[in-house]
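[1] Kindly return the folded structure for what I paste below:
(chains A and B, ligands or ions: 1)
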Amino acid sequence: MFEIAEAPPATRLMLRGAPEVAARAGAAFGVVPPLEPCRANQAGERAALWLGPDEWLLLAPSDADATKLAAALEGLVHSLVDVSDGTEALLLHGAGAALALSAGCPLDLHPDAFPPGMATRTVLGRIGITLWRRGAADWWVEVARSQAAYARAFLAEAGRGW
Amino acid sequence: MLLIPCPFCAMDRPEAEFRHAGEAHLTRPPDPAAADDAAWADFLYHRANPRGVIAERWRHVHGCGRFINVLRDTVSDRILASYRPGEKRP
Ligand SMILES: [Zn+2]
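    Got it, this is the predicted structure:
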């Protein structure tokens, strides 16, 4: 069994650049974007998810101000784009969540293969998602706003049991 | 489903996250206007299509987003190696 909840509105920033961009962004943002593949760093209500070798998703409360971060990156080759309205997040909680996700996600979601603190883009059924395991039974599913209803229905159906 | 080792994600990833992107190590004629029809057709259309090991590009589109090179055996469908663009074929 598991529950599906909608995450509160958040500020989402797509950051791209070299490792020194990540280091400088970390000091200004409060969470260092991880250089290790498929990892997420979290501090309080802020998080930085590794999406690619030069690409991170930064999550912060919806009233967060990105100007300090933008100012800190001044002079470095980088891209910082506000994508807050493009996606929303479904929060899954419960032991059955991994099983329901596995109905549409071909990754191995066993804790040995996908431990807490791991995050990556992947697929769920017919759509692309960003999957972040925040705890043994806690998942953050980042999904395009127009596809959220699909994701929610898919997971509800998969979790219904037989 | 194939498991493709992604050198950027540093782990095996399911085929469903990838898009196939054709044969690897094709070189575009440096000056297309100077290339004759045969050379241009070679670049555009003619592929090795071997029975055996082929080097292919795959894009980890639902993952790190990167293009990678993969050695695959077209007979057994086994993945023999994967490596980053720009690296030498193993
Ligand atoms: Zn990858």
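
[2] Go ahead and confirm residue A:138 touches residue A:91.
    Yes. Between residue A:138 and residue A:91 a contact is recorded at 7.3 Å, counting by CB atoms under 8 Å. Glycine gets a C-beta too; all of them are placed from N, C-alpha and C.

[3] if we look at the lowest-mean-pLDDT helix or strand in chain B, which residues are touching it?
    Least confident helix or strand of chain B, by mean pLDDT, DSSP states H and E, is helix B:37-44 with a mean of 95. Applying CB atoms under 8 Å, 6 or more residues apart in numbering or on different chains, the external contacts of helix B:37-44 come out as B:26, B:27, B:28, B:29, B:32, B:35.

[4] change it to 6 Å
    With contact meaning CB atoms under 6 Å, 6 or more residues apart in numbering or on different chains, helix B:37-44 is reached by B:28, B:29.

[5] looking only at pLDDT, what's the mean for the helix or strand just after that helix?
    Proceeding N to C from helix B:37-44, the next assigned helix or strand is strand B:53-59, under DSSP states H and E. For strand B:53-59, the mean per-residue pLDDT is 98.

[6] buried stuff in strand B:53-59?
    B:54, B:55, B:56, B:57, B:58, B:59 (16 or more other CB atoms under 10 Å in any protein chain shown).

[7] Just send the residues you listed back as TSV, with distance to the ion too.
    What follows is the buried residues of strand B:53-59, written out as TSV (distance: CB to the ion, whole Å):
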residue	distance to the ion
B:54	20
B:55	18
B:56	15
B:57	13
B:58	10
B:59	9
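
[8] Throw these into CSV and include distance to residue A:75, thanks.
    Listed next are the buried residues of strand B:53-59 as CSV, based on distance: CB to CB, whole Å:
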residue, distance to residue A:75
B:54, 44
B:55, 40
B:56, 40
B:57, 34
B:58, 36
B:59, 32
